[in-house]
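Engineer: sequence and computational prediction follow.
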Amino acid sequence: MLVEQQRNDAIAPQAKARASRDRRRTIELHDLERRRSAPREREDAERASEETAPFESYPPEMERARLPPGMARLIKSRGGRNLTLEQYRLTVLVVTFLSYMMYHAARKPPSIVKSVLNPTPEQRANGEPGWAPFNGPDGKMILGQCDLAFLSSYAIGMFFSGHIGDSMDLRVFLTYGMMGTGFFVSLFGMAHGWEQHSLGYFLFVSVAAGLFQSTGWPSVVSVMGNWFGKSKRGLIMGIWNAHTSVGNILGSLLAAAMLRRGNWGDAFIVNGVLTAVVGALVHSFLVVSPEDAGHVAPLGTAGAKAHEDIKSETEIKPMIEGGASRTKPQAAGFVAALKIPGVITFSLCLFFTKLVAYTFLYWLPFYIERTEIGGEYLSAAKAGELSTLFDIGGVIGGIAAGYISDKYNARSLTSAGFVYLSIPVLWMYREYGSHSMSWNVALMMLAGVLVNGPYALITTAVSADLGTHDSLKGNARALATVTAIIDGTGSIGAAVGPMLTGYISTHSNNWDHVFYMLYAADLIAGLLLMKLVMKEIRNMPMS
């Protein structure tokens, strides 16, 4: 017994040591397995939280009510499962497309009804008296003054709306803009039923409509910049920018349809009401940024942060109504935005390219109706419908300019190329467009491609590039300000072009002089870009 006890006492320390080693080995194996599986588990957790995060997942101390009401109801109807980043991107594309489509549709009625408000002597002889104060001998000048009132207030408002939009909820800001636009555009048309003939009334309504319209472009471009990075930005925004041409086409067709019914006022009212309806859609469904929906901003977007600033996964708690917890950055100053390389150059270039584009926007149907094509003149409604071909060409031009600038990484070279090519095409349209309907259609569409291509590229991809420039040091609130500076300067040109067209066509009664103005504007726009063009050429890789 004594010997056995001594043997057990000798074995016990060895057994304890062996058991201790086994426990340590087991712990080490568990630790190793945990380290190996942690990245996979973290990815699974992130994916699950991105796709299925319920409403109850956000902490009560975080800000709520970041998702718009319609989107919040949609998430609830899905059992609390959040939409993916790509699904949100699709909704943003659709909602912003519809929004600015209606902004442009609301601008088209004045160009369609010009011939009804200021008829030719032959039309007066056929019982079309026009509408005072536009039917006098200086009627074209008064029409030009209304265009100037609208576009001047639009341009002035643009400079302020960009900074305001950077400082508040863009969804609310855009909603107010669309509602106000719809209201004042409708007021212009209500003058028909109210027998209103005061020039002051029309000027006031035009100024108010222009101010509310200025809320649109900085807002939608800033929202797009929040969701889409620089990869293929030119192509994506070139396709998305088709909303301007689609809106022009829709506004023209609706206005022409109302003219066929014999009521020019309805051309404004229908477009105004539809604009307000889309404004309600924006309020219900537009998600301004990925953080508002519980997603991290993709790299290259206006709201993206550097990798080292991203919190660890354990600190990131996605939420649906509240969005990611974040501090609101300060809006970029006007002077700081002007110092971004390229902003002033592209702003001045857009002044002249938009002068040309908006001269066509506001006067093309009038020009078509007053120009003999293939030996005959068209009615105001038919001229309005034919003018939509220019906008169809604009869709092609915007997409083509975006694709080319992406492929060769050459925004300036692409813009300058389109601008220079547009000069001979505009000359051919003036000289040969009246020979036959086929020539008119072909040259009008080609002119639309070349005129709208650089205009679309500068107002979308170029503005978004400059608004997320490295010199901003990560300030995600600068995009609307930069966009407002560029498009605001361009809008001054947009105001000058139609005004000069009305003045020149009235005093010279010769549309050749109007086209001389367009040639000169395109030439200056191209020359302004030459320094940037040469820089891009030097930086191109040698094949």
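Structural biologist: Structure's in. What do you need?
Engineer: need the pLDDT of Pro298.
Structural biologist: At Pro298, the model reports a pLDDT of 66.
Engineer: please identify the buried residues of the helix or strand hosting Ala520?
Structural biologist: Per DSSP states H and E, Ala520 falls inside helix 511-528. Across helix 511-528, burial judged by 16 or more other CB atoms under 10 Å covers Trp511, Val514, Phe515, Met517, Leu518, Tyr519, Ala521, Asp522, Ile524, Ala525, Gly526, Leu528. (C-beta placed from N, C-alpha, C; glycine too.)
Engineer: next: stretch 360-372.
Structural biologist: Phe360, Leu361, Tyr362, Trp363, Leu364, Pro365, Phe366, Tyr367, Ile368, Glu369, Arg370.
Engineer: OK, contacts around the last one?
Structural biologist: Contacts here follow CB atoms under 8 Å, 6 or more residues apart in numbering; on that basis Arg370 touches Ser115, Thr120, Tyr377.
Engineer: what would the residues you listed look like in TSV with secondary structure and distance to Ser405?
Structural biologist: Shown next, in TSV, are those (DSSP: H, G, I helix; E, B strand; the rest coil; distance: CB to CB, whole Å):
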residue	secondary structure	distance to Ser405
Ser115	helix	38
Thr120	coil	43
Tyr377	coil	40
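Engineer: quick revisit: mind listing which of the buried residues of stretch 360-372 are in helices?
Structural biologist: Filtering the buried residues of stretch 360-372 for membership in helices, criterion DSSP state H, returns Phe360, Leu361, Tyr362, Trp363, Leu364, Pro365, Phe366, Tyr367, Ile368, Glu369, Arg370.
Engineer: could you give the angle of the helix or strand following the helix holding Ala520 to helix 511-528?
Structural biologist: The element immediately downstream of helix 511-528 (helix or strand, assigned by DSSP H and E) is helix 530-539. Helix 530-539 and helix 511-528 are oriented at 50 degrees to each other (axes from the mean of the first three to the mean of the last three CA atoms, to 10 degrees).
Engineer: how about residues contacting helix 530-539?
Structural biologist: Gly342, Thr345, Asn409, Ala410, Arg411, Ser412, Leu413, Ala416.
Engineer: next SSE downstream of the helix or strand of the chain with the lowest mean pLDDT?
Structural biologist: In the chain, no helix or strand scores lower on mean pLDDT, DSSP states H and E than helix 2-52, which sits at a mean of 55. Moving toward the C-terminus from helix 2-52, the next helix or strand (DSSP H and E) is helix 69-77.
Engineer: where does the prediction get shaky in the stretch 401-543 of the chain?
Structural biologist: By pLDDT under 70, the low-scoring segments of the stretch 401-543 of the chain are 463-465, 467-480, 542-543.
Engineer: and what of the stretch 151-300 of the chain?
Structural biologist: For the stretch 151-300 of the chain, the ranges with pLDDT under 70 are 229-234, 298-300.
Engineer: do that again at 90, thanks
Structural biologist: Along the stretch 151-300 of the chain, the parts satisfying pLDDT under 90 run over 151-152, 155-170, 217-242, 244-245, 259-263, 289-300.
Engineer: what about the helices in the stretch 51-200 of the chain?
Structural biologist: 69-77, 85-105, 109-117, 121-125, 139-167, 170-194, 199-213 (DSSP state H, counting those that start in this stretch).
Engineer: okay then, goodbye and thanks.
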